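Participant: Please work out how this folds:
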Amino acid sequence: MERVGPYVVQSELARGGMGVVYRAQAADGSPVALKLLLAQRSASPNARRRFLTEVEALARLRHPGVVPVLGAGEHQGVPYMALELVDGESLAARLRRGPLPVFEALRVAGQVAQALSYVHGCGVLHRDLTPGNVLLRRDGQALLTDFGLARDEQAEHSRVTQSGVFLGTPGYWSPEQALGRRGAVGPRTDVYGLGAVLYACLTGRAPVEGGTLSELLIRAEDPPTPPRALRPEVPEWVDALCLRCLARDPEARFASAEAVARALVRGPEVPAERGLGGVALVAVALAALSLSVVVGVAWGRSRPAERAEAPSPSPAEAPPVQDPEPELEAVPGPAPLPGGRSRAFAVAQGLAQLEAKKPEVALAILQQVLELHPEHTPARLGRAEALRELDRWEEALDDYLWVLEQSPRSPVAWAGRGACLHDLGREEEALDALGEAVRLDPSDHRSRTRRATIASKLGRFELAVDELDQLVLQAPDSEVIRGMRATVLATAGRREAALADCDWLLARRPDQRTIRAIRANLLGVLKRYPRALEDYDVLIREAPSAKLHHDRALCRAHLGQHARALADYDAAVALGLDDAAIYANRALARHELEDVAGAVEDFTRALERDPRDATTWRRRALDLNSLDRHPEALGDLERSLELDPGDGGTWVQKGLTLSLLKRYDEAVEALDHALSLELPDPTMARKIRAAAQRAAAQTR
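Facilitator: Numbering: from 1, shown residues only. I've put the predicted structure just below:
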């Protein structure tokens, strides 16, 4: 087998105009995706620069939503890099089977938005965000990949290289990229790409379509057809969110990927008593283990909809304030406010309005104070807080900075500054500011909570867990903090510790479905199937869903309970689950129950939905042979080997099938190839080969 650096090449996974991707094995035996620049491209400085740009960008990124680079180097003059081998498919491949269910589209977009926010926080732009550059793991996690255009100034400068190769993907270009507006390319360009991915998830097509390049360029500045016009079941708020991302003018889009992630989590902005986000919020929380959902409760920030009925008054319209009782009257300031109010009392009034979740009123009062007393630090700090509550973060930052110049040891000002920086997506700066806040005030649980959130999003799980550990020490009975820590630990792969927090929470509150779902998943990954089944039983009894039935079926299959697993697979299909995995898994259950014909039917359904799954072709061939349908089985095996030519077990199965068809010489040839692939146990292959040789000799 060929070696590339320390990696042993096993089979080809994909090939394009620029490079080729192989399945390979690292020195420790783990599988990797090995990406090489094509030899003929290696001579091109632009191609090499683009490849090395991707290596450099990925080397800086460590996040659960970004495919990590594991190594890089040069082999015989050709640059290569090793990436995590993702068990799944690209979003583009999934969309070839049709658009996603709306809740699934929101979940995928939410995960991509969170990963993109982290990427931007590291100073990297993607610039080619398309369904083809999003991978979907089998566990549902979406991952960003292909950073070949990241920070590529040549790509900014022109749509086409001198050789005529486009840098980007037609139909998913932002207008500024498509029309070569170099100065307009920035984070909002990736926000457009994020909206384009969401649009494709909802509609199954790109936001801009055309038969030729000229048509695409002509249509680049036309607004896309609204998703609801193509698919009426898309909620109005999702339609509006998607179109805002796809605005022609970058300034009209969301300011950051973080803002899009927050909007997806919040869902439709409805009054608090009706809940926030409905199905969308539940989908993002359960599937993405979104920490921000839990933190949103801990921060206690008021939502825009909760403020909608209180229009912002101008300073002249600020409500009159009666002076307090004589014993409460503050010492008047150097200049009285209108209506005879003292400065101290007016500031107290403004802060009281802020505490009452009326930031517009508070802002009007504090503006009056600052017009007469611009150096009044408490009023400036109060105005900063009011501006932050109104999401006017840049203005609030200016006020916080002014306060810190006067009072550099103010933990409130550091905390507010950190919160604004977080809301603006300036994550590293936010971490520093919030760190100063908790250093000055170790009891500031809100700043610790925000800091844990940011650290988790940046993939700095140890820092996140450290902050959450401190919060647990400060509030050992806080279910919210324990829930956050369980989520972070699970995301970081510290399953035993996450399981301990889940156990603690469910012992106190057995009705916490989100935590029970996390625990069920953890127990399944840890192969503690009986306990996982107990949790799935409770979840399904309370509110059955297709995913829960599917996950419970997997546990039952591992325990050999194939009949009960089959019942769960049937329930999942009845509840609307209609992807390749459900049918492939149900086929395995039917196979174990000796319903071979039923297994073939389900394998066929799986292959209709995902024809590039080599394993499913091979498994169907096995059952076709059991039904004496050998020619069909041979066709399946040849298709499987087209997709994965290095699988020795498939070559053995092909040799057996050729023997059953009495094509003995071909069988021997197939088995010789299988034996050259270093099978884990070559005994069976040798026996079949010997039998085929004897049969061939007898027929001559």
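Participant: contacts and neighbour counts: CA atoms only from here.
Facilitator: Will do.
Participant: Which residues are in contact with residue 27?
Facilitator: By Cα atoms under 8 Å, 6 or more residues apart in numbering, the contact list for residue 27 reads 6, 7.
Participant: Sorry, slip of the keys, the one I care about is residue 499.
Facilitator: 486, 519, 522, 523.
Participant: Around residue 563, how many other residues sit close by?
Facilitator: By other Cα atoms under 10 Å, the residues close to residue 563 number 16.
Participant: Could you list every helix and strand that whichever helix or strand residue 617 is part of packs against?
Facilitator: Assigned by DSSP states H and E, residue 617 falls within helix 614-626. Here helix 614-626 touches helix 596-609, helix 630-643, helix 648-660, going by 3 or more Cα pairs under 8 Å, 6 or more residues apart in numbering; DSSP states H and E.
Participant: out of these, nearest to residue 354?
Facilitator: helix 596-609 (54.5 Å; Cα to Cα).
Participant: How about residues contacting that closest one?
Facilitator: For helix 596-609, contacts defined as Cα under 8 Å, 6+ apart pick out 97, 579-584, 586-591, 613, 616-617, 619-620, 623-624, 626-627.
Participant: What does residue 186 show for phi and psi?
Facilitator: phi -170, psi -160 (degrees, to the nearest 10).
Participant: Quick check: residue 138 vs residue 559, distance?
Facilitator: Residue 138 sits 21 Å away from residue 559, going by Cα to Cα, to the nearest Å.
Participant: what do you get for residue 446?
Facilitator: On the measure of Cα to Cα, residue 446 and residue 559 end up 44 Å apart.
Participant: between these two, which one's more packed in?
Facilitator: Set residue 446 next to residue 559 and count neighbours by other Cα under 10 Å: residue 446 wins out with 19 against 14.
Participant: and the next element down the chain from the host helix or strand of that one?
Facilitator: Element membership for residue 446 (DSSP H and E) is helix 445-457. Going down the chain from helix 445-457, the next helix or strand is helix 461-474, by DSSP H and E.
Participant: Which positions in that following helix come out as buried?
Facilitator: By 16 or more other Cα atoms under 10 Å, the buried positions in helix 461-474 come out as 461, 463, 464, 465, 467, 468, 469, 471, 472.
Participant: Could you do stretch 668-679 as well?
Facilitator: 668, 670, 671, 672, 673, 674, 675, 677.
Participant: any idea which of those is closest to residue 6?
Facilitator: Nearest member of the buried residues of stretch 668-679 to residue 6, counting by Cα to Cα, is residue 677, at 18.9 Å.
Participant: Assign the closest one to helix, strand or coil.
Facilitator: Three-state call for residue 677 (DSSP: H, G, I helix; E, B strand; the rest coil): coil.
Participant: what do you get for the one 4 residues further on?
Facilitator: Here residue 681 takes the coil state, with states given by three-state DSSP.
Participant: burial count for it?
Facilitator: As a burial measure, residue 681 scores 10 neighbours (other Cα under 10 Å).
Participant: Quick check: it vs residue 652, distance?
Facilitator: From residue 681 to residue 652 the distance is 11 Å (Cα to Cα).
Participant: Next: residue 233.
Facilitator: From residue 233 to residue 652 the distance is 49 Å (Cα to Cα).
Participant: I'm done for today, thanks for sticking with me.
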